[in-house]
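Engineer: Need coordinates for the below:
(4 chains)
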Number of protein chains: 4
Amino acid sequence: MTLTLDHLNTCDRDAFVTAVGDIFEHAPWVAERAIAARPYPTVTALHDAMMDVVRSAPRTEQLAFLRGHPELGGKVSRAGAMTADSVAEQGGLGLDQLSDEEFAHFERLNAAYGKKFGFPFIICVRRHTRDSILAAFERRGGNDVDAEFAAAIAEIGFITRLRLVGKVEGPGKPVTDGWLSTHVLDTARGVPAAGVRIELFEVGASARSALASTVTNADGRTDKPLLAGGPLRSGTYELQFHVGAYFAGQRPHPEERGRSPSVSKGEVALPYLDVVPIRFSVAEPESHYHVPLIVSPWSYTTYRGG
Amino acid sequence: MTLTLDHLNTCDRDAFVTAVGDIFEHAPWVAERAIAARPYPTVTALHDAMMDVVRSAPRTEQLAFLRGHPELGGKVSRAGAMTADSVAEQGGLGLDQLSDEEFAHFERLNAAYGKKFGFPFIICVRRHTRDSILAAFERRGGNDVDAEFAAAIAEIGFITRLRLVGKVEGPGKPVTDGWLSTHVLDTARGVPAAGVRIELFEVGASARSALASTVTNADGRTDKPLLAGGPLRSGTYELQFHVGAYFAGQRPHPEERGRSPSVSKGEVALPYLDVVPIRFSVAEPESHYHVPLIVSPWSYTTYRGG
Amino acid sequence: MTLTLDHLNTCDRDAFVTAVGDIFEHAPWVAERAIAARPYPTVTALHDAMMDVVRSAPRTEQLAFLRGHPELGGKVSRAGAMTADSVAEQGGLGLDQLSDEEFAHFERLNAAYGKKFGFPFIICVRRHTRDSILAAFERRGGNDVDAEFAAAIAEIGFITRLRLVGKVEGPGKPVTDGWLSTHVLDTARGVPAAGVRIELFEVGASARSALASTVTNADGRTDKPLLAGGPLRSGTYELQFHVGAYFAGQRPHPEERGRSPSVSKGEVALPYLDVVPIRFSVAEPESHYHVPLIVSPWSYTTYRGG
Amino acid sequence: MTLTLDHLNTCDRDAFVTAVGDIFEHAPWVAERAIAARPYPTVTALHDAMMDVVRSAPRTEQLAFLRGHPELGGKVSRAGAMTADSVAEQGGLGLDQLSDEEFAHFERLNAAYGKKFGFPFIICVRRHTRDSILAAFERRGGNDVDAEFAAAIAEIGFITRLRLVGKVEGPGKPVTDGWLSTHVLDTARGVPAAGVRIELFEVGASARSALASTVTNADGRTDKPLLAGGPLRSGTYELQFHVGAYFAGQRPHPEERGRSPSVSKGEVALPYLDVVPIRFSVAEPESHYHVPLIVSPWSYTTYRGG
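Structural biologist: Residues are numbered from 1 along each chain as shown, chains lettered A, B, ... in the order given. Down below sits the predicted model:
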């Protein structure tokens, strides 16, 4: 059954807490204290109110709240301790498949972090790649306690916003989705490039993961976004466009070529451009990244659109 | 002592054969028959004449000549049977470091080739990468005997042209050198991008080899060509431009950014472009490949110049 | 009252001829002969059938039909002999405002054309600029009689297709509209360029006409297409993008500039790019022309999209 | 006879003043006071020293010096009062061909300027177009007296630097030349575009002046810079590249075109790009402006290089 904002605005106190008391981890008091200010005109307003409850709570209560979160070491553990949601969420980028060395690295980071701050490292995993989690872990470890306290609360904002949006229907839902799209234009012919194979990889310190493989349609676009359906994960990606095969399929007449691509009998020309890689980073998980390729057999241009 | 074309045009027969009799492998008769038409106005004319000797020789003599060449299996052997020249020449791209599997692959190709054509596979190694040698091996294996005979003679033309050019000084030397250059322009500021780290890799089926690492000078160029001093090797390359570090070093004021690159307290922005890869193939070893990068923090253009 | 294809397929003969008998100039017989093959599944099929009637008519009947068309000299006359439709249609591009010299030019072309072919010059004015009409006039004057006969029939196809589409509602209407759009991306900031003034001109031998003036919205696009609502007119256009004012409005800090744009006290810098002109030609009146500008203060890229 | 720095450093006082006493208009005292600090290691050092003499002179002497300059109204007069040098210098951009209206405009500006500041408007004409002189006139008219006094001295620096460089040979001459170059690359074929007609115009409020017309050579460059031999003139320029004729000359096979450029029998296609205009401004007269065009039949990129 769908949970609506309308229902939340009009139901009794118990029903409200039952419905959204678990949005904040082990902290039904957040929901309880948000009841008084009902009705909320938008889902965003409800989430803002709940975050205000957290931010205005006494420091000791906040600290207990932070301490109620599981260790990321647990989350990414190979021991099976993750929730079904987390498994689904993290599986796509391989966070459940850490090597021994990577696992040990996480353990060391967790231990050092806990010792310094007194609460576990909290991050909205769905907005990050493995590499960006590690980068955030190391970077935030250098914060002073107040800055890191605020950073942890901010991450809880991201986590709970996603949970609320996933659970409650109603007007004014905050934007939590980003998406990645592309467009291939053939500037030798002045047409969209149809039938170009495109592969998308995550580029990380430890490995390359193939995330998508598709082919451009008659508009030079992909039928579906390359990534969509939630926040993008901060991190570095590489699109690979198979333009060599595309241009070879256009049957250029050899005598029209400006350059003779073959210099000895019996040689077959390597096209100047075959697989064009475009490497870029996502820093705004809730944004649209449009990464077009404007390409001829001898040149190309790309830029951030969107 | 330098050997000059002038000397070759005027010396006695024995001296001529002593000087250039070994240009064609185990075939001093090529030099002997080129004596009559002296003097040669250019080094190119001398080489053309020697190739004409080969092409007009009786088929049985040609065949014996081709059979006098060592197997490529020997050339790339790990057993140390290569000449000092070949070691120097092939070492740069790892042809002397084949894995067991690669070595076995070469052996199978050699055996099949020899059985079909009756002479060893001949190729001008200095114009090829390991990958393009393998590609040529497989491709030429599909030739009929006449086509492959001509292909082998053509390769001997490349090999001996390089040997002659390396040995004889004089007017009208044929062009045997290619070179690779780049240029980085910063279109956010309208200036050459100085201090950009650039790395060059060979991109192959089996491995990535780092070939060069350099930094742009005040003109946005490299002080020396990225590759030079002989024919380029046919194959696929990747230039990597470290533009993220370059733009970070320009200290942009955060408030001037069109996009807010950071979305939560405690996060450091990943630049949209960090390492820009440009992958391209060389098909004309004696040409100039100019591969510029026209770049802002959010876009770039490249094209084949030169 | 709207005329529907459904009605045309089911009404009696007289009503059909009354409704669409004037689509072909002074030639109700075209409609009459198209009645038998009813019903037509699409508006396109109806038009194709009527054109087949024209093409299969005896040559003498075709010739009489062509001769029934007014002279273009009359159409573009300053004497007020044009129909209200033609005035509305041609006024936008100044065809009703020919100078004495231009008018005399048209008269000479008409006289020569009529003498050679025996029928008036026919062209679908709505698909042309004044310049492209003149170019077609001169070019088609060089045709032989058969080729020009076919060219005139083809133009009648364009004219009547537009008339039919404007008059009859129903499924399968042929595409008769083209449109022109643009998009401005700021590659110095990685954002759509909002607030850029754009002007559109027709560029002709005789004059420059301003066709549109608009400003980009938050997406870097224009709220409405720059041209739409019918076929584009074949001809040459120039878009002018006021990027200097746009970038000046971004308040760049002088010390961040790569180049010092000012060289003496008391000088104000001229921006390197102020008004960027993009000149292009339309050859396919029923197509989408998307002409984007990817621009930084020191560089730009454009291409035909759409 | 060539005048050398070496001679100036060693000759007697009278000879020195005779040689360079007229560099500063009616002010031999500048040269006289620069004698003591001889020898000067570079021409630049000599000029710097002379400017220091001007800057350290008493205000009344400076004022008399400024007043010794002719009115720009005289300089640009149609009455023939200009020196031969000025005629040669200004003739290229039409400063000697002001219309009555323009002349009156200059007269009004002169009168207002003289009334406000008490000395004539001084500007280094060779670094300016007519439009940029007018812009400077209007802009500097808004200065306060001290700022304008400094601006006038700075202009005298530009004027005398050019005179000194033109007169004296020797080491360390200051850079007073700018130049304009271009390069056309054909990205449909991956080659320099040879044989492309290029025209250069000054773009001004009052008129368009053709400054150069040339054709690219085999390297896609022009044999000589488009502008050179002195400072560039601040102002706005337009390069026009006749790429339509170039690509038409490459004889593309119609069946290879991605888009069918012709839609009716008897029509000849207008190429999408015919004459490509690139409009840019020069703000640094002593710099190199490299304005390349990277072009296919359906796209192009330009940027400030150099």
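
Engineer: only C-alpha atoms for contact and neighbour calcs from this point on.
Structural biologist: Noted.

Engineer: distance of the residue nearest the centre of chain A from A:Tyr289?
Structural biologist: The centre of chain A sits closest to A:Arg233, judged by Cα atoms, centre = their mean, with a distance of 1.9 Å. Separation of A:Arg233 from A:Tyr289 (Cα to Cα, to the nearest Å): 12 Å.

Engineer: what does A:Arg130 give?
Structural biologist: 20 Å.

Engineer: what residue ranges in chain A score low on pLDDT?
Structural biologist: Counting by pLDDT under 70, chain A has low-confidence residues at A:1, A:73-97, A:206-208, A:251-268.

Engineer: Can you pull the phi/psi pair for the residue nearest to A:Glu138 when sequence neighbours are not counted?
Structural biologist: The spatially closest residue to A:Glu138, leaving aside those adjacent along the chain, is A:Leu109, at 7.4 Å (Cα to Cα, 6 or more residues apart in numbering or on different chains). Here is the backbone geometry of A:Leu109 (degrees, to the nearest 10): phi -60, psi -40.

Engineer: where's A:Leu109 relative to chain D, distance?
Structural biologist: Distance from A:Leu109 to chain D, counting by Cα to the nearest Cα, to the nearest Å: 47 Å.

Engineer: For A:Phe65, which non-adjacent residue is spatially closest?
Structural biologist: A:Ala27 is the one closest to A:Phe65 (Cα to Cα, 6+ apart), at 6.7 Å.

Engineer: quick one: whatever residue of the stretch 151-300 of chain A ends up closest to chain C from A:Leu232, how far?
Structural biologist: Nearest to chain C, among the residues of the stretch 151-300 of chain A, is A:Gly190, at 5.8 Å (Cα to the nearest Cα). Using Cα to Cα, A:Gly190 is found at 32 Å from A:Leu232.

Engineer: Residue ranges of each domain in chain A, please.
Structural biologist: Annotated domains of chain A cover A:3-169, A:178-254+A:268-301 [automatic domain parsing].

Engineer: Which of those has the highest mean neighbour count?
Structural biologist: Mean neighbour count (mean count of other Cα atoms under 10 Å in any protein chain shown) peaks for domain A:178-254+A:268-301 among the domains of chain A, with a mean of 19.

Engineer: got the end-to-end distance for stretch A:197-209?
Structural biologist: Taking Cα to Cα, the first and last residues of stretch A:197-209 lie 17 Å apart.

Engineer: Stretch A:109-124 now?
Structural biologist: 17 Å.

Engineer: ditto for stretch A:283-303
Structural biologist: 15 Å.

Engineer: can you tell if that stretch touches chain D?
Structural biologist: Yes. Legend: contact between stretch A:283-303 and chain D by Cα under 8 Å from any Cα of the partner chain is shown at A:Ser296, A:Pro297, A:Trp298, A:Ser299.

Engineer: Please convert those residues to JSON lines, extending it with secondary structure.
Structural biologist: Formatted as JSON lines, these follow (DSSP: H, G, I helix; E, B strand; the rest coil):
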{"residue": "A:Ser296", "secondary structure": "strand"}
{"residue": "A:Pro297", "secondary structure": "coil"}
{"residue": "A:Trp298", "secondary structure": "coil"}
{"residue": "A:Ser299", "secondary structure": "strand"}
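
Engineer: Make TSV out of the residues you listed and add distance to chain C.
Structural biologist: Formatted as TSV, those follow (distance: Cα to the nearest Cα, whole Å):
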residue	distance to chain C
A:Ser296	11
A:Pro297	15
A:Trp298	15
A:Ser299	12
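
Engineer: tell me the SS of the residue nearest to A:Gln240 when sequence neighbours are not counted?
Structural biologist: Counting by Cα to Cα, 6+ apart, A:Gln240 lies nearest to A:Pro277, which is 4.4 Å off, once chain neighbours are set aside. Here A:Pro277 is strand, with the state taken from three-state DSSP.

Engineer: residues in contact with A:Pro277?
Structural biologist: When contacts are counted by Cα atoms under 8 Å, 6 or more residues apart in numbering or on different chains, A:Pro277 is found next to A:Glu238, A:Leu239, A:Gln240, A:Phe241, B:Pro277, B:Ile278, B:Arg279.

Engineer: Can you name the residues that contact the third one?
Structural biologist: A:Gln240 sits next to A:Ile198, A:Glu199, A:Leu200, A:Val275, A:Val276, A:Pro277, A:Ile278 when contact means Cα under 8 Å, 6+ apart.

Engineer: Which member of those is positioned nearest B:Phe158?
Structural biologist: A:Val275 (29.1 Å; Cα to Cα).

Engineer: What segments of the stretch 101-250 of chain A are helices?
Structural biologist: Counting by DSSP state H, counting those that start in this stretch, the stretch 101-250 of chain A has helices at residues A:130-140, A:145-167, A:243-248.

Engineer: Just list what the second one packs against, helices and strands only.
Structural biologist: This means helix A:145-167. helix A:43-56 (3 or more Cα pairs under 8 Å, 6 or more residues apart in numbering or on different chains; DSSP states H and E).

Engineer: any residue of the helix it packs on up close to chain B?
Structural biologist: No. Figure legend: helix A:43-56 not in contact with chain B (Cα under 8 Å from any Cα); closest approach 14.7 Å.
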